[in-house]
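Peer 1: Okay, structure incoming, though there's no sequence with it:
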């Protein structure tokens with residue numbers, strides 16, 4: 001009987017240690033870009049002569065300029081502070097940027113950021129090339145006045161400096 005009670009206590013402790021953070025509303029995405037988006041993004045990178053890109057298993061591409069020296073990597077439950085510049089790729093037309101640090105929950109951002117930002121640590125810099133399915137998808141993104149700021153099916157480039165991870 002003692003063995004059975006000890007087994008129950010051990011299993012309970014094991015289950016509790018495997019439990020996810022209940023305070024985090026985000027979960028890791030399993031999304032990946034379809035083959036046609038991967039091929040199109042690869043063609044854009046080749047045509048623009050972007051060197052040293054690496055394809056992530058999700059289908060997004062990246063270039064790490066500075067890996068950072070922080071003590072940990074971000075995850076979907078992390079708060080992040082960044083400076084960034086977002087452009088359409090391959091045109092280079094700017095659609096958003098932050099010249100001063102801004103903070104976000106990583107899990108609340110597009111999947112491309114969730115997949116690629118954990119590749120660097122605080123102090124790191126990365127260029128991220130994101131296909132539509134890992135970005136804003138195939139619907140127009142509009143501002144409060146109804147003007148389209150990101151057209152459906154856009155390929156995006158983000159230049160990101162990761163200031164800190166909370």
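Peer 2: Received it, and whenever you're ready, just let me know what you need. Keep in mind that this is a model prediction, so the values were computed, not measured. Numbers count the residues shown, from 1 in each chain.
Peer 1: in the chain, which strand has the most residues?
Peer 2: strand 94-105 (DSSP state E).
Peer 1: which element follows that strand toward the C-terminus?
Peer 2: helix 111-116 (DSSP states H and E).
Peer 1: If we go by neighbour counts, what in that next one is buried?
Peer 2: By 16 or more other CB atoms under 10 Å, the buried positions in helix 111-116 come out as 111, 112, 113, 114, 115, 116. Just so you know, the C-beta spots here come from the backbone N, C-alpha and C atoms, and that holds for glycine as well.
Peer 1: hang on, isn't the fourth one packed against residue 105?
Peer 2: Going back to what we said before, that points to residue 114. No. Look at residue 114 against residue 105 with CB atoms under 8 Å: they stay out of range, at 10.2 Å.
Peer 1: Identify the contacts common to these two.
Peer 2: Common neighbours of residue 114 and residue 105 are not found (criterion: CB atoms under 8 Å, 6 or more residues apart in numbering).
Peer 1: can you tell me which residues contact the residue lying closest to residue 139 once chain neighbours are set aside?
Peer 2: Spatially, and ignoring its direct neighbours in sequence, residue 139 is nearest to residue 152 (5.4 Å; CB to CB, 6 or more residues apart in numbering). Counting by CB under 8 Å, 6+ apart, residue 152 touches 132, 136, 137, 138, 139, 140.
Peer 1: wait, which of those residues is closest to residue 68?
Peer 2: residue 136 (26.3 Å; CB to CB).
Peer 1: The closest residue to that closest one other than its chain neighbours: neighbour count?
Peer 2: Distance criterion CB to CB, 6+ apart; nearest residue to residue 136, sequence neighbours excluded, is residue 150 at 5.1 Å. Residues within reach of residue 150, counting by other CB atoms under 10 Å, total 20.
Peer 1: beta partners of residue 150?
Peer 2: The residues listed as beta-bridge partners of residue 150 by DSSP bridges are residue 141.
Peer 1: Can you pull up the most central residue in this protein?
Peer 2: The residue lying closest to the centre of the chain (CA atoms, centre = their mean) is residue 113, at 1.6 Å.
Peer 1: looking at it, residue 58 is touching residue 111, isn't it?
Peer 2: Yes. Using CB under 8 Å, residue 58 is in contact with residue 111, at 7.3 Å.
Peer 1: Show the pLDDT at residue 72.
Peer 2: pLDDT for residue 72: 86.
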